[in-house]
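Colleague: show me how the following folds:
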Amino acid sequence: MRVMTAKDAAAMVRAGDTVAISGIVSLIAAEAALKALGERFHETGAPRDLTIICPCRTGWWAGGAVTGLEHLAQPGMVKRLIASIFNAKDSPSLLKLAASNEIETYIVPMGVIFRWLRECTARSPGLLTEVGMGSFFDPASADAGGNRLSSKARPFDLVKRVQVDGTDCMFFRSMPIDVAIVRGTIADTDGNISLAGEPISAGVRQMAMAAKNSGGKVIAVVKALTERGTLHPRMVEIPGIFVDAVVVDANAIQSQIGYEPAFTGEIRTPAPPLVALALDQQKVILRRAALELEKGDVVNLGVGMGSQLASLAVEEGFLDDVTFSIEHGALGGIPAMGAPGQVGAFGAHYNPQAIIDSTDLFDFYHGGGLDATLLGFAQVDARGNVNVSRYNGAIRGPGGYVDITHRTKKIMICGTFTSGALEIGIGSGPGGAPELQIVREGRHKKFPRQVEHIDLHGLGAVNRGQRILVITERCVFEVREQGLTLIELAPGIDLDKHIRPALDFELQVDERLARMSDELFLPGPMNLRLKQRDDA
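Modeller: I've put the predicted structure just below:
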């Protein structure tokens, strides 16, 4: 191991290399090395034709400054990109190159990438998995949308459908990793890397091992250097035997919202910041979702509306009855998510009980360890398929959506019935009971006959015994074997006036159609008490 400048480390990357890069937006991002790599190409035209593997996405909005993968968004520098999610605001040049087919860009579920990297480390033939069957990732699902970001890109040659003992699976072939660019907090002079100041681990050890066993190089960016023997062995995330170069970047950030010691257990803050929930469509939806939770549940929260459940849990007093989990590794405490539209540190938790590696957590998710999840949606179709990746001309990618929904027992797809300036009100009906009023309907429909891109295959989940609810402010659907079925209607909502016109298919209605609870629409706490689990 050698301590070197970011410029010298960038010189280790060769033309045609396959490079694994750590980072979840601004968390665990090796910014100094990526910037130096981009500057090297700008000045010399090398290295060219890189294959970039980034399980999530690295880069964030910084007032117009270039960050993360955007440093590599230069014609000729990247030949192929494999990632789970993209963001046009944070990486506009990268998305432009991908859309114009100057970069062959492929979408792969986040957890599948992390678990696949482990197979690359072991130099096994590849990853065998059922995750994503029937979704865009399944090459045998012709109408699911496919995993090529550009239709002109070559077919993804690393994945194929196979059968094992009569069971359909997908095989994701391993490949050598030439360089791993990862991030830590402290390195000792032997190259041992600690993540003591980082909110997540995000597969950095797995990336390093995959590169090392491929005969490649490992570059680690850290904030500080310490003497050998001063790191407790339990604090070493990446052993020095895996590390070739250490770059010290004293300005490396923990996250884009600044340093927070409560993210890493350095302190336990008595008052994590929470968003005050007004009585609006979001609160109605979160309340209805909370009715499905049970004491002891492990609950995943997705980006967007579901991320605000912690605020409701505090308001209703059930925070200690569930364990929140974000797929990036933190368990327990309160997920660090700002209000919609605000900058947050998605992936970090205030006061976490534990922080484990993303690879291990996705093993837990894929095997059915989650009890419930609250996720958003862009589209849901007649068959109960859900799309979050491609809509209205935008390409985003699913992140961990496919992985989270693979075997989670109860999936709550949460969002407004229409989008685009939807406005609701709550009035009084006969006897003073609450009634939901649609003051202004949203401009965009969200229930087509067939979604553009399948991120959750409805029938596949039903056949695995999972319960899927689509929860909106005015109604609740359940995904059943026969497709999307209406099971609850809000007070004041008319089926023919407020529901059917927004659907591009014939509506199936449960013969026992129920009324959404009046308590969902009343001010003040519901005094919600979670149900006791049957297995408690």
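Colleague: how about the helices in this protein?
Modeller: 6-10, 31-44, 92-99, 110-122, 204-213, 281-290, 309-316, 358-366, 401-404, 458-463 (DSSP state H).
Colleague: chain center to the last one, what's the gap?
Modeller: Pointing back at helix 458-463 there. Chain-centre distance of helix 458-463: 21 Å, with Cα atoms, centre = their mean, to the nearest Å.
Colleague: same check on the shortest one?
Modeller: Between the mean C-alpha location of helix 401-404 and the chain-wide mean there is a distance of 8 Å, by Cα atoms, centre = their mean.
Colleague: list the contacts of that helix.
Modeller: 109-112, 131-132, 135, 137, 300, 302, 327, 362, 365-366, 370, 373, 375, 388-389, 455-456 (Cβ atoms under 8 Å, 6 or more residues apart in numbering). To be clear about C-beta, it is placed using only N, CA and C from the backbone, and glycine gets the same treatment.
Colleague: turn the helices of the chain into TSV, columns for distance to V78, mean neighbour count and mean pLDDT.
Modeller: Below are these laid out as TSV (distance: least, Cβ to Cβ, whole Å; neighbours: other Cβ atoms under 10 Å; pLDDT from 0 to 100):
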stretch	distance to V78	mean neighbour count	mean pLDDT
helix 6-10	14	21	98
helix 31-44	9	20	98
helix 92-99	7	19	92
helix 110-122	17	24	98
helix 204-213	17	26	98
helix 281-290	38	23	97
helix 309-316	37	21	95
helix 358-366	23	22	97
helix 401-404	24	28	98
helix 458-463	33	20	96
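Colleague: so which of those helices comes closest to G425?
Modeller: Shortest distance between G425 and these, using Cβ to Cβ, is found for helix 281-290: 10.4 Å.
Colleague: what is the least confident helix or strand in the chain?
Modeller: When the helices and strands of the chain are scored by mean pLDDT, DSSP states H and E, strand 394-395 comes last with a mean of 78.
Colleague: break this protein down into its structural domains.
Modeller: Domain assignment for the chain by automatic domain parsing gives 2-122+175-248, 281-521.
Colleague: out of these, the one nearest G166 is which?
Modeller: If you check each of those against G166 by Cβ to Cβ, domain 281-521 wins as the nearest, at 15.4 Å.
Colleague: show me how far that closest one is from its chain's centre.
Modeller: Worked out by Cα atoms, centre = their mean, domain 281-521 lies 15 Å from the chain centre.
Colleague: format the helices of the chain as a markdown table; extra columns: distance to M337.
Modeller: Output for these, formatted as a markdown table (distance: least, Cβ to Cβ, whole Å):
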| stretch | distance to M337 |
| --- | --- |
| helix 6-10 | 31 |
| helix 31-44 | 22 |
| helix 92-99 | 24 |
| helix 110-122 | 17 |
| helix 204-213 | 23 |
| helix 281-290 | 13 |
| helix 309-316 | 8 |
| helix 358-366 | 17 |
| helix 401-404 | 16 |
| helix 458-463 | 25 |
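Colleague: which one of the ones you listed lies closest to Q532?
Modeller: Comparing these by Cβ to Cβ, helix 281-290 comes nearest, at 15.2 Å.
Colleague: against which helices or strands is that closest one packed?
Modeller: helix 309-316, strand 410-414, strand 467-471 (3 or more Cβ pairs under 8 Å, 6 or more residues apart in numbering; DSSP states H and E).
Colleague: sweet, I'm off.
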